[in-house]
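Enquirer: model the structure of this input:
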Amino acid sequence: MKAIRFSQTGGPEVMTWEDVEVGAPGPGEVRVRQTAVGLNYIDTYHRSGLYPVPLPSGLGLEAAGVVEEVGPAVSGLRPGDRIAYGTGPIGAYAQMRNLPANRLTKLPAAISDETAAGMMLKGMTVRYLLRATYKVMPGDTILLHAAAGGVGLILSQWARALGATVIGTVGSDEKVATARAHGCDHVINYSVEDTVARVRDITGGKGVPVVYDGVGHATLMASLDCLRPRGLLVSFGNASGPVKALDLGLLSAKGSLYVTRPTLMTYTATDEDLRETAADLIDMVASGKVKIPVNQRYALSDAVQAHRDLEARRTMGTTVLLP
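Expert: Below you'll find the model as predicted:
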């Protein structure tokens, strides 16, 4: 079996396609033959060292596949079951691996392997953002940065299904059309438009109760300026670089604002939380209310190029790697 590994942090070139040994599954584990692997921006953080992991290491947190062997003390799964996961453990860029059975989700026939591989991490992220970090209600107007990205396309559809009005920001005219086609009521091309002015215009000067910001450093101030008094900035990603410092006095001056920096791993830390989050996601996708557009496919062995394209913003929506 082969897998992507890296032994030092850096650019995409540090990843290598290596032979790996996959033994029998241990207690509580199953061996999975993976059929599709999700590409996520967090993978670049692990690879670059922004989010440190012990080295050498595998890469990736999300995939779909088929159970091939069940280890001792496993119930609820058997060989032939189709499964997916989106919270790791790290090492999803692999043809086969052993995984903890309690962190896997069985897939219904209505959801394909590619769809599952592209939806678990991003879709469960959307679920906790919309239903737990800030509970979006019918009639809310929300702001979403990177609306044409993998998380963005899912979040805008889900929020629309909840009865919210969605304002999305993107960086090109092509992405404007994509965001609008996936649930955004208003789309701002930040490369030619003033985001804050447009949001204030759309909301009648009030601002929004919540901003979902996966971009980070580049959008911090605009996000704060788009909030209404006592609004919440949900900073859940660092695509433009991390927010390294924030003067808390700004939150006071701009209207007693709130800021949170959540992670999927915290919101799915218990098996019960994971099951509930995954079940809600599967229900939304199986119902057709949320569609998962797989817009790019690469061979798993071409992960280097996939990372280059992702970081250069040459991708839209969901990307999968095929073993």
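
Enquirer: okay, now the domains of the protein?
Expert: 2-120+273-322, 138-261 (automatic domain parsing).

Enquirer: ok now the shortest one, how far from the chain's centre?
Expert: If I follow you right, that is domain 138-261. How far domain 138-261 lies from its chain's middle: 16 Å, per CA atoms, centre = their mean, to the nearest Å.

Enquirer: distance across it, terminal residue to terminal residue?
Expert: Distance across domain 138-261, first residue to last, is 24 Å (CA to CA, to the nearest Å).

Enquirer: compute the mean per-residue pLDDT across that domain, please.
Expert: Mean per-residue pLDDT for domain 138-261: 95.

Enquirer: ok, Glu69 - contacts?
Expert: Glu69 makes contacts with 24-25, 30-31, 79, as judged by CB atoms under 8 Å, 6 or more residues apart in numbering. Every residue, glycine included, has its C-beta placed from N, CA and C.

Enquirer: on that earlier part again, want to throw the domains of the chain into TSV with distance to Ala132?
Expert: Converted to TSV, the domains of the chain look like this (distance: least, CB to CB, whole Å):
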stretch	distance to Ala132
domain 2-120+273-322	9
domain 138-261	11
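
Enquirer: give me the buried subset of the contacts of Glu69.
Expert: With neighbours counted by 16 or more other CB atoms under 10 Å, the contacts of Glu69 contain buried members at 25, 30-31.

Enquirer: what's the closest of those residues to His186?
Expert: Val30 (45.1 Å; CB to CB).

Enquirer: buried ones in stretch 293-310?
Expert: Neighbour counts over stretch 293-310 (16+ other CB under 10 Å) mark 293-298, 300, 302-304, 306-307, 309-310 as buried.

Enquirer: what's the end-to-end length of it?
Expert: Distance between the two ends of stretch 293-310: 16 Å, counting by CA to CA.

Enquirer: cool, and stretch 96-108?
Expert: By CA to CA, the extent of stretch 96-108 from end to end equals 21 Å.

Enquirer: that older thread, which pair in the buried residues of stretch 293-310 spans the largest distance?
Expert: Of all the pairs that the buried residues of stretch 293-310 form, the one spanning the most space (CB to CB) is Pro293 and Val304, at 23.8 Å.

Enquirer: quick one on the thing from earlier: so of the buried residues of stretch 293-310, which ones are in strands?
Expert: Residues of the buried residues of stretch 293-310 located in strands (DSSP state E): 294-298.

Enquirer: which one among those residues gets closest to Tyr212?
Expert: Using CB to CB, Asn295 is the member of those that sits closest to Tyr212, with 20.6 Å.

Enquirer: nearest spatial neighbour of the closest one, chain-adjacent residues omitted?
Expert: Spatial nearest neighbour of Asn295, excluding adjacent residues (CB to CB, 6 or more residues apart in numbering): Gly317 at 4.3 Å.

Enquirer: could you pull out the helices for the protein?
Expert: 41-48, 113-128, 150-161, 173-181, 195-202, 220-226, 248-253, 264-267, 271-286, 303-311 (DSSP state H).

Enquirer: for the last one, what is the average pLDDT?
Expert: Taken as a whole, helix 303-311 has a mean pLDDT of 97.

Enquirer: could you name the helices and strands sitting against that helix?
Expert: helix 41-48, strand 294-299, strand 318-322 (3 or more CB pairs under 8 Å, 6 or more residues apart in numbering; DSSP states H and E).

Enquirer: likewise for the fifth one?
Expert: In terms of contacts (3+ CB pairs under 8 Å, 6+ apart), helix 195-202 is packed against strand 165-170, strand 186-189, helix 220-226.

Enquirer: run the angle between that helix and strand 165-170 for me.
Expert: Computed by axes from the mean of the first three to the mean of the last three CA atoms, to 10 degrees, the angle separating helix 195-202 from strand 165-170 equals 160 degrees.

Enquirer: give the buried residues for helix 195-202.
Expert: Neighbour count says helix 195-202 has 195-196, 198-200, 202 buried, by 16+ other CB under 10 Å.

Enquirer: picking that back up, relative to Tyr41, which of the buried residues of stretch 293-310 is nearest.
Expert: Tyr41 lies nearest to Leu310 out of the buried residues of stretch 293-310, by CB to CB, at 6.8 Å.

Enquirer: from Gly150, how far out is the closest one?
Expert: Going from Leu310 to Gly150 by CB to CB, to the nearest Å gives 9 Å.

Enquirer: list residues touching both of the two?
Expert: With CB under 8 Å, 6+ apart as the test, Leu310 and Gly150 both reach 41, 319.

Enquirer: if I look at Ala239, how far off is Tyr41?
Expert: 6 Å.

Enquirer: what pLDDT does the most centrally placed residue in the chain get?
Expert: Most central in the chain under CA atoms, centre = their mean is Lys122, positioned 2.7 Å from the mean C-alpha point. At Lys122, the pLDDT value in this model is 95.

Enquirer: name the nearest residue to Gly241, ignoring sequence neighbours.
Expert: His217 (4.1 Å).
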